[in-house]
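[1] here is the input, now give the coordinates:
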Amino acid sequence: MDKEEIKKDINNSKTEDDKLDAQTVENDVKAQKKEDNNTETKNNDDEKLTPEQELEKLKDKLARTFAEMENQRRRFEKEKEDAYEYGGYSFAKEALNLLDNLERSKAVLENDDKLKDTEALKKITEHLDIINSDMISIFKKNNIEMIKSINEKLDPNIHQAMMEVEDESKEPGTIVQEIQKGFMMKDRLLRPSLVGVSKKKVKEVEQEEQKEEVKEDHKDEKNQ
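    All right, here's what the predicted structure looks like:
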């Protein structure tokens, strides 16, 4: 056998091997597809429900849908009630600035040396008081009330302490000064009252601290 025949035999052998490899790959792909189809068919069979099970499933979906609809209805009703009850909340909050400006204007006029003790000042302040009273009356008709402050105990929910004032006649934490009036709209806070609260004099506080120290020292001596 010469060299040409040997090369020819080798090439033919390679071609046959390549054909066998391609056939093997094709067979493997077909087998995998068949296995996948069988698995999908099996899963579909598992997912099939009996009529009773399907009915229960539909009942559950229907119950969930009704529950969600009821929750949405309640939310809508709550939002509608809030809009009715507190629809003027933002407007009322802004309107408080008018009261503040009236009081500031009155204070400025009363402290003007040229206007003090004049008939003009008296008439102006009377008119300002009438406007102020009318506005307070309108607020009350719309469920907006002033917060009580003077001589009340400080309540952080409706009062905001701006300063402390030494006052022996009041218990510490009692409101003795109102810097700015606070208002409520029904059960909602429009703005807190800005107030000054009483405190004990520094000397009294120091004396009490000294008494406490003495008591503590006596306790320690007894324990020893």
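
[2] so what are the domain limits for the protein?
    60-142, 145-224 (automatic domain parsing).

[3] which of these sits closest to residue 49?
    domain 60-142 (12.3 Å; CB to CB). In this view, the C-beta of every residue, glycine as well, is placed from N, C-alpha and C.

[4] deepest of the domains of the chain, which one?
    Among the domains of the chain, ranked by average contacts under mean count of other CB atoms under 10 Å, first place goes to domain 145-224 (a mean of 14).

[5] any chance of a markdown table for the domains of the chain, columns mean pLDDT?
    Below are these laid out as a markdown table (pLDDT from 0 to 100):
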| stretch | mean pLDDT |
| --- | --- |
| domain 60-142 | 85 |
| domain 145-224 | 82 |
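
[6] which stretches in this structure count as helices?
    3-47, 51-86, 89-110, 119-141, 202-223 (DSSP state H).

[7] ok, the closest residue to residue 152 other than its chain neighbours to residue 77 distance?
    Spatial nearest neighbour of residue 152, chain neighbours left out: residue 175 (5.2 Å); criterion: CB to CB, 6 or more residues apart in numbering. Computed as CB to CB, to the nearest Å, the residue 175 to residue 77 distance reads 39 Å.

[8] now do residue 186
    Residue 186 is 18 Å from residue 77, by CB to CB.

[9] tell me the bridge partners for residue 145.
    Beta-bridge partners for residue 145, by DSSP bridges, are residue 184.

[10] that one contacts residue 181, doesn't it?
    No: contact criterion CB atoms under 8 Å: residue 145 and residue 181 do not qualify, at 10.6 Å.
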